[in-house]
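Novice: Could you work out the structure for the sequence below:
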Amino acid sequence: MYEKDIREQKVNIIEMVHTTKIAAHMSPAMAMLEIFNVLLRDIMDIKNGIDDERSDKLVLSNGHTALALYAVYQTLGIITKEDFYTYKKKDSRFGVHQDRHHTPGTIISTGSLGHGLPNAIGVAYAWKLQGKSNRIFITVGDGELNEGSIWESVIFAARMKLDNVCCIVDDNKSTEYMPDIIGKFRAFEWDAVEIDGHDEECLRDALSKQPKGRPYVVVADTVKGNGVELFENNHAEWHEKAVSDEDYAIIMEELR
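Specialist: Okay, the predicted model is just below:
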């Protein structure tokens with residue numbers, strides 16, 4: 001459904017990074033585009049506006065993927081192309097990570113890995129105490145799961161029966177140290193499902209569910225650099241990098 005838009009978002013990312021001559025987290029961003037498109041366009045209740053207190057919220061615990069979120073924001077008209085091109089510039093609202101003081105739709109600033117999920121679960125607990133019906137969605141990287149703070153918050157969410165929490169694990173196989181992710185969440189009494197993170201229908205079906213009385217995790221199998229051969233073949237090199245004229249020509253020939 002969004003294949004054309006996602007391809008255009010990839011083009012916009014490459015063109016912006018090449019034009020501004022900055023180093024950007026393009027490889028991890030490419031893994032998240034389907035997830036962000038489906039979340040913002042089909043799943044999250046943001047009909048009152050992305051900043052409205054009644055709206056569902058999205059927290060990027062793997063905050064360096066915010067570049068992908070900004071590209072989707074541009075598609076949806078939440079930000080302009082001019083806004084997008086201020087990425088990483090001084091005094092921009094759009095830094096490498098979400099900023100609750102500046103980034104649209106953001107209630108938790110992210111940066112250090114392992115902090116976004118615990119903070120978001122704290123918010124979800126507060127919402128429960130206040131009787132709010134909002135849901136909070138949190139994206140987490142597979143490498144980030146090595147942080148102890150992640151599992152402390154996972155235990156707390158299950159104990160408090162936070163069924164307003166949906167965690168999406170971006171399992172792009174960037175770490176070898178966290179086997180059986182879905183089994184671990186289930187062991188901590190979360191409802192869990194594993195899907196293809198680039199299949200829109202699978203994402204739409206999985207993310208539309210929310211078990212009663214339990215937090216929920218969707219483990220999304222993704223490809224770092226998805227859709228750009230240069231990134232896929234050298235995803236570590238392209239984790240954060242600028243785009244040379246030569247690389248730009250190669251990438252754009254593929255995407256066009």
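Novice: Would you mind pointing out the helix or strand residue 192 falls in?
Specialist: Under the criterion of DSSP states H and E, residue 192 resides in strand 191-196.
Novice: Could you give the average pLDDT over the helix or strand following that strand?
Specialist: Using DSSP H and E, the next helix or strand after strand 191-196 towards the C-terminus is helix 200-207. Averaging pLDDT along helix 200-207 gives 98.
Novice: can you pull the alpha-carbon coordinates of helix 200-207 into PDB?
Specialist: Extracted C-alpha coordinates of helix 200-207, given in PDB (Å, rounded to 0.1, in the frame of the first residue of the first chain):
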ATOM      1  CA  GLU A 200       3.000  -4.000   5.700                       C
ATOM      2  CA  GLU A 201       0.000  -6.500   6.100                       C
ATOM      3  CA  CYS A 202       1.800  -8.500   8.800                       C
ATOM      4  CA  LEU A 203       2.700  -5.200  10.600                       C
ATOM      5  CA  ARG A 204      -0.900  -3.900  10.300                       C
ATOM      6  CA  ASP A 205      -2.400  -7.100  11.600                       C
ATOM      7  CA  ALA A 206       0.100  -7.500  14.500                       C
ATOM      8  CA  LEU A 207       0.000  -3.900  15.600                       C
END
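Novice: orientation of it relative to strand 191-196 in degrees?
Specialist: Put simply, helix 200-207 runs at 170 degrees to strand 191-196, going by axes from the mean of the first three to the mean of the last three C-alpha atoms, to 10 degrees.
Novice: counting contacts, what elements does helix 200-207 pack onto?
Specialist: helix 33-38, strand 191-196, strand 216-221 (3 or more C-beta pairs under 8 Å, 6 or more residues apart in numbering; DSSP states H and E). Just so you know, the C-beta spots here come from the backbone N, C-alpha and C atoms, and that holds for glycine as well.
Novice: winner for burial among the ones you listed?
Specialist: When the helices and strands packed on helix 200-207 are scored by mean count of other C-beta atoms under 10 Å, the highest mean neighbour count falls to helix 33-38 (a mean of 26).
Novice: quick one on the thing from earlier: right, and the helices and strands packed on helix 200-207 - which one's nearest residue 27?
Specialist: With C-beta to C-beta as the criterion, residue 27 lies closest to helix 33-38 of these, at 12.1 Å.
Novice: Just the residues contacting the closest one, thanks.
Specialist: 2, 5-6, 9-10, 68-69, 71-72, 75, 139, 168, 170, 197-200, 203-204, 207, 220, 222, 226 (C-beta atoms under 8 Å, 6 or more residues apart in numbering).
Novice: Save the helices and strands packed on helix 200-207 as JSON lines, and put in distance to residue 15 and mean pLDDT too.
Specialist: Converted to JSON lines, the helices and strands packed on helix 200-207 look like this (distance: least, C-beta to C-beta, whole Å; pLDDT from 0 to 100):
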{"stretch": "helix 33-38", "distance to residue 15": "15", "mean pLDDT": "98"}
{"stretch": "strand 191-196", "distance to residue 15": "28", "mean pLDDT": "98"}
{"stretch": "strand 216-221", "distance to residue 15": "26", "mean pLDDT": "98"}
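Novice: Could I get these in TSV, plus columns for distance to residue 234?
Specialist: Output for the helices and strands packed on helix 200-207, formatted as TSV (distance: least, C-beta to C-beta, whole Å):
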stretch	distance to residue 234
helix 33-38	19
strand 191-196	23
strand 216-221	20
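Novice: nearest to residue 238, of the ones you listed?
Specialist: helix 33-38 (15.2 Å).
Novice: right, and the helix or strand after the closest one?
Specialist: strand 57-60.
Novice: about what we covered before: out of the helices and strands packed on helix 200-207, which gets nearest to residue 240?
Specialist: Among the helices and strands packed on helix 200-207, the nearest to residue 240 by C-beta to C-beta is helix 33-38 (17.3 Å).
Novice: how about that closest one as CSV, C-alpha atoms only?
Specialist: In CSV, the C-alpha atoms belonging to helix 33-38 read as follows (Å, rounded to 0.1, in the frame of the first residue of the first chain):
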residue,chain,number,x,y,z
LEU,A,33,10.2,2.9,7.3
GLU,A,34,7.5,0.2,7.0
ILE,A,35,7.0,0.2,10.8
PHE,A,36,6.7,4.0,11.1
ASN,A,37,4.4,4.3,8.1
VAL,A,38,2.0,1.6,9.3
